[in-house]
Each structure stands twice: as structure tokens, then as C-alpha cells.
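> fold the following for me, if possible:
(chains A and B)
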Amino acid sequence: MPFPTRLSLQPGGETVVPTIKKVGIFDMDGLYKVMQRWFYDNKYYFEETLYKHKPGTAAGKEEEIGWTGWRKVNDYVKFHIKVFFHIYDIKNIEVIKEGKKVKLTKCRVWIEFNGDVELDYTKRFGQSKFGKFLFDVYNKFVLQEEKVLSNWWDELYYRVYKLHTITKEYLDMESKGNAYYDIW
Amino acid sequence: MAEREVVIDKMRMSYEGLFDVSELYKLIDGWLREKGYDKREKRMAEKVTEGGKFIEWEIEPWKKITDYAKNVIKLRVIMTDVKEVEVERDKVKVKLNQGKVDFVFDGYVETDYEHRWEGKPLFYFLRTLFNKYVFKSYTDRYHANVIADVNHLQSQIKSFLNLYRYSDVAWTKPASSFPAL
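Got it, this is the predicted structure:
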């Protein structure tokens, strides 16, 4: 079986990704900026790959937003982080907070986090059969998944959880905090 | 597909009363880190309802024991009618939460998670045979490992909640004001 060029962040090839669901009133614009800022601060190239706006129902508008952030780790490995927002029943409201009028958003938000480690993004091994064979040998026997590749996988995995933690903290969720924050 | 064996199937625990939600989360997260489990938070949901907050956590951390087997713990925490209350303890006002919390624990042993023994039917057959008969002592040890870890986590959570259950001002219903101690 050929070695995959992308190592998925979900162990064992599962399709369930970490999700955050929140129903309430919060600053959606602020959340957007804080999460986007994280990508820039950690030297990721940020792309908004999807933006869908729907008029929704009487309860409010609906939006789908997809982000991709990527970063070159070295000349062989590239990290990709994907975030997907699905926001329902959006209503912009004004509340008085600490004596000041603040514009907030009342909505239901569902955020999914995912990512993968891309190997040989410069295509040095080429697309020929021999190149693919060398790629398989290099990854299976030289780098070895359990010794070298797993380090990169691990790094991306815990960096995605850092973004996950920042999101929970901004949404002021009860489960904020991360005992694994000092890993990577 | 890796072989997943259910060792603990839906072990439940319930509590109603005073507790601190954020400290409970830190306890669980800290325990997992201490025991060497890798973090996996499948779902973190919060919703404000009329009766209080509804909070749901679903975490499924894992720990590789060998290159063939790993322990997986699945913990689902459902909190309903969670309200913020102020309690006076030793003449100091402390903010706690009041509500109902249900825990569901599952423990699994996953073998051949690197999918080395499932490429061919013969390998699959050999894997099943070895798991059941040849390496029985090892698989029993893996099971015992998971049971011990889940029981330890459950006892830690129980001790944490008992701290609040037997405190001077443990209430089952929220009060608008608390009597002076």
C-alpha cells in the first residue's frame, strides 16, 4: 500500500473532529479576529476558503465559513489547519455592558477543527513510479512513522488544541483551560 | 480497522448539588495529562436554557501501551440546570455552580491500531487467534490497565464532588440568599 502524502490529524483515520458548540450571546467579530490573529502570530498563511451567507429563517440568518492555515515546517513537511464554522440563527443585538452599549451576536455556533501534515510538498520525489517507490521507502524505513513522522503529527495535533483552547476561552466556556498547553 | 474491545461499558455516575464546573474540567484534564493520555475532545457544547446552562463534554483520550495496543477512555459528561451561586465559606464569598451532572465512562483496548495485521484475511485470522489464545496474558493485562485507569478517574471525580457534597452549604435547590454560618 503506498504511503499517504498527507497524514490526517484524526488518529486511526477517524472522521470525528474536535468540535465546539455554543448557543448564546457573544462577540462573533471578536472571535473571528482572535482566531485569525492566532494564525498570523504562529506564522501560518491564512486563507478563507469558504463563505456562505443564507437568509436563514425567521429565527435568524445562517453562515458557513471555512478557513485554511498552512505553514512550511521545513522543506519536506507542511502543516495544514482547517477550521469550519457553521453559524445558525444569527441576530445582531445591542447590550449594555459595564455601562457601555456593545454590539453582540445572538446565535448558535458550531466550530470544527481539523488538520493534516503534508509530506514532500515540493514534489522532490517526482510523480514517476520510481519516485513514488522512493517516497514510500523513505517514509517507511528512513523516517519511520513511529519515530520521526509521529513527532510532526504530534506537534500539529497539540497546536490545533491550542487554537481550540483560545476559542473556548474567548467564548467564555466552562471548559476553558488546557493541561497540555506547554506541549509544543 | 483496528480491533476495539469493550472493557468497561457505560459505567454511570450522577451527582446533584454544588460543584465548580471549571475546576472539574481542570481535574479531568490534569488527570489525563498526569497519566500520560493524549488529549482528544470530541465535543464541547454549552447552551443557555431557562433552567440554567446545559453543558456537554465528550472526550476520548488514548494512551499507547505498546506498538500493538492502546488504552482508550471515553467520558461523556452532561450537566443540566447549571447556575452560578455564591457561597460563603470561612467568611469568604466563593462563586460555585449548582446543578445536576451525569458521567458515563467507557473503557476500550484497541489492538493493532497501526493496521499491520489486517491487510490480508490470513493476517486478520492470525491476529484474532493470537489475541484470544497466545497473548491472552498480555491482553488480560491491557484490560486490567484500562479498568484501573477508569476506576481511578472515577474515584478522583467522586472525591472532588464529595468535597462539595459534604460542605456546610450543600443545597439541592438554589436559594436566593444563604444563611449566615
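> tell me where chain B has strands.
B:3-19, B:41-49, B:52-59, B:62-64, B:69-89, B:92-111 (DSSP state E).
> buried residues in the longest helix belonging to chain A?
Secondary structure of chain A per DSSP state H: the longest helix is helix A:150-170. For helix A:150-170, the neighbour count (16 or more other Cβ atoms under 10 Å in any protein chain shown) marks A:150, A:152-153, A:155-168, A:170 as buried. In this view, the C-beta of every residue, glycine as well, is placed from N, C-alpha and C.
> pLDDT on the biggest helix by length in chain B, on average?
The longest helix of chain B (DSSP H) is helix B:136-165. Predicted confidence along helix B:136-165 averages 89 (mean pLDDT).
> is chain A within reach of it?
No. Using Cβ under 8 Å from any Cβ of the partner chain, helix B:136-165 stays clear of chain A, with a minimum separation of 13.6 Å.
> list the buried residues for stretch B:80-92?
Buried-residue list, stretch B:80-92, by 16+ other Cβ under 10 Å: B:80, B:82, B:85, B:87.
> tell me the helices in chain A, going along the chain?
A:28-41, A:129-137, A:150-170.
> if we can go back for a sec, in CSV, list the buried residues of stretch B:80-92 along with distance to chain A and pLDDT.
Listed next are the buried residues of stretch B:80-92 as CSV, based on distance: Cβ to the nearest Cβ, whole Å; pLDDT from 0 to 100:
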residue, distance to chain A, pLDDT
B:Thr80, 13, 93
B:Val82, 8, 93
B:Val85, 14, 89
B:Val87, 17, 84
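> export those residues as CSV, with columns for distance to B:Lys63.
What follows is the buried residues of stretch B:80-92, written out as CSV (distance: Cβ to Cβ, whole Å):
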residue, distance to B:Lys63
B:Thr80, 30
B:Val82, 30
B:Val85, 36
B:Val87, 37
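> do you know which of the helices of chain A lies nearest chain B?
Chain B lies closest, by Cβ to the nearest Cβ, to one member of the helices of chain A: helix A:150-170, at 5.9 Å.
> which positions within the helix or strand bottoming out on mean pLDDT in chain A qualify as buried?
For chain A, using mean pLDDT, DSSP states H and E, the weakest element among its helices and strands is strand A:6-8, scoring a mean of 78. Going by neighbour count (16+ other Cβ under 10 Å), the buried part of strand A:6-8 is A:7-8.
> how about the residues of chain B by chain A?
Contacts of chain B with chain A, taken as Cβ under 8 Å from any Cβ, map to B:2, B:21-22, B:25-26, B:29-30, B:32-33, B:38-48, B:53, B:55, B:57, B:62, B:67, B:82, B:97, B:110, B:113-114, B:119.
> give me that answer again for 7 Å
B:2, B:21-22, B:25-26, B:29-30, B:33, B:39, B:41-48, B:55, B:57, B:62, B:67, B:113 (Cβ under 7 Å from any Cβ of the partner chain).
> counting neighbours, which of these end up buried?
Applying 16+ other Cβ under 10 Å to those flags B:2, B:21, B:25-26, B:29, B:33, B:39, B:41, B:43-46, B:55, B:57, B:62, B:113 as buried.
> farthest-apart pair in those, please.
Taking Cβ to Cβ, the two most distant members of these are B:Ala2 and B:Val21; they sit 33.6 Å apart.
> center of chain B - which residue?
Residue closest to the mean C-alpha point of chain B, counted by Cα atoms, centre = their mean, is B:Leu75 at 3.6 Å.
> give me the nearest residue to that residue, chain neighbours excluded.
B:Ile59 (5.2 Å; Cβ to Cβ, 6 or more residues apart in numbering or on different chains).
> relative to B:Val146, how far out is A:Trp110?
A:Trp110 sits 31 Å away from B:Val146 when distances are taken as Cβ to Cβ, to the nearest Å.
> how near is B:Asp20 to B:Glu84?
Applying Cβ to Cβ, the value for B:Asp20 to B:Glu84 is 10 Å.
> CA atoms of stretch A:95-115 as PDB?
Taking Å, rounded to 0.1, in the frame of the first residue of the first chain, the C-alpha atoms of stretch A:95-115 are listed here in PDB:
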ATOM      1  CA  VAL A  95     -26.500  45.100  25.000                       C
ATOM      2  CA  ILE A  96     -25.300  47.400  27.800                       C
ATOM      3  CA  LYS A  97     -22.000  46.000  29.200                       C
ATOM      4  CA  GLU A  98     -20.300  47.900  32.000                       C
ATOM      5  CA  GLY A  99     -22.300  51.000  31.200                       C
ATOM      6  CA  LYS A 100     -21.500  51.000  27.500                       C
ATOM      7  CA  LYS A 101     -23.500  49.900  24.500                       C
ATOM      8  CA  VAL A 102     -21.900  46.900  22.800                       C
ATOM      9  CA  LYS A 103     -22.900  45.200  19.600                       C
ATOM     10  CA  LEU A 104     -23.000  41.400  20.100                       C
ATOM     11  CA  THR A 105     -24.400  38.500  18.200                       C
ATOM     12  CA  LYS A 106     -27.000  36.000  19.400                       C
ATOM     13  CA  CYS A 107     -26.600  32.800  17.600                       C
ATOM     14  CA  ARG A 108     -25.800  29.100  17.600                       C
ATOM     15  CA  VAL A 109     -22.200  28.300  16.500                       C
ATOM     16  CA  TRP A 110     -20.600  25.000  15.700                       C
ATOM     17  CA  ILE A 111     -16.900  25.100  15.100                       C
ATOM     18  CA  GLU A 112     -14.900  22.100  13.800                       C
ATOM     19  CA  PHE A 113     -11.100  21.800  13.900                       C
ATOM     20  CA  ASN A 114      -9.000  19.600  11.600                       C
ATOM     21  CA  GLY A 115      -5.700  19.400  10.000                       C
END
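> fine, thanks again, bye for now.
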